[in-house]
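J.: fold the following and give me the result.
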Amino acid sequence: MRKLLLAFLVGGFLGTGVGVALGFFFFPFVFPPPVAMDALSENERKKVVATGEFLHANPADPIHYGRGRVTVTPRTVFLEDDFEVGPGPAFHVYLVPKKEVRRSADVIDSMFVDLGPLRAFKGSQRYAIPNDVDLAQFNSVVIWCREFSVLISPADLQFRGARLSAAGSPAAASAR
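T.: The predicted structure follows:
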């Protein structure tokens, strides 16, 4: 009788743990957020300082992918309407100083600026860049899973002309 009770308790705890883990994984597939539909104004489009393209960092991983364009103005990171990532929990948008981020270690080993949680897995959306952030120091925009510390999709930024400092004034572009 004790063995049966012990087996029931252990099975209950293990089953609950597996169920919670599967729930975290499948929740975004079952209850996806709506497609985002934000837009940059014509005035903001004139102030674009950098653009990039999200890519699938690890083609062997069919779950963690991303695609679409990103546009950066002096105070905004804007994910364009063709943006899409595979769903998952706790995705955030980061500015990362490293060029060509391709592995999770590239983000973990560097400082980054968290611009906030991803609002939708598809569609255009904007993220404010804090006033004290010197945009000239950042070369990548990254979609990051905070729950599992996994790189979802990086975008290498291509700057137009001189980079902007935190105050919005041109800063000398430096080779990194």
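J.: need phi/psi at residue 9.
T.: Torsion angles at residue 9 (phi, psi; degrees, to the nearest 10) stand at phi -70, psi -50.
J.: so where do the strands sit in this protein?
T.: 36-37, 50-54, 66-73, 76-79, 84-85, 91-96, 113-117, 123-128, 140-145, 150-156, 158-159, 163-164, 170-171 (DSSP state E).
J.: make a markdown table from those and add distance to residue 9 and mean neighbour count to it.
T.: (C-beta placed from N, C-alpha, C; glycine too.) Output for those, formatted as a markdown table (distance: least, CB to CB, whole Å; neighbours: other CB atoms under 10 Å):
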| stretch | distance to residue 9 | mean neighbour count |
| --- | --- | --- |
| strand 36-37 | 45 | 14 |
| strand 50-54 | 46 | 20 |
| strand 66-73 | 42 | 21 |
| strand 76-79 | 47 | 24 |
| strand 84-85 | 40 | 20 |
| strand 91-96 | 36 | 22 |
| strand 113-117 | 37 | 15 |
| strand 123-128 | 46 | 18 |
| strand 140-145 | 32 | 24 |
| strand 150-156 | 33 | 24 |
| strand 158-159 | 58 | 14 |
| strand 163-164 | 60 | 20 |
| strand 170-171 | 62 | 14 |
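J.: export the ones you listed to CSV and tack on distance to residue 11 and mean pLDDT?
T.: Shown next, in CSV, are the strands of the chain (distance: least, CB to CB, whole Å; pLDDT from 0 to 100):
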stretch, distance to residue 11, mean pLDDT
strand 36-37, 42, 68
strand 50-54, 42, 98
strand 66-73, 38, 97
strand 76-79, 44, 97
strand 84-85, 36, 95
strand 91-96, 33, 98
strand 113-117, 35, 97
strand 123-128, 43, 95
strand 140-145, 30, 97
strand 150-156, 30, 96
strand 158-159, 54, 96
strand 163-164, 58, 56
strand 170-171, 61, 48
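J.: out of the ones you listed, which gets nearest to residue 20?
T.: strand 140-145 (16.9 Å; CB to CB).
J.: hmm, who's touching the closest one?
T.: 52, 54, 64, 66, 70, 72, 77, 85, 88-101, 107, 112, 118, 150-157 (CB atoms under 8 Å, 6 or more residues apart in numbering).
J.: and the pLDDT for residue 48?
T.: pLDDT for residue 48: 96.
J.: can you pull up the bridge partners for the spatially most central residue of the chain?
T.: Residue closest to the mean C-alpha point of the chain, counted by CA atoms, centre = their mean, is residue 143 at 1.5 Å. Counting by DSSP bridges, residue 143 is bridged to residue 93, residue 153.
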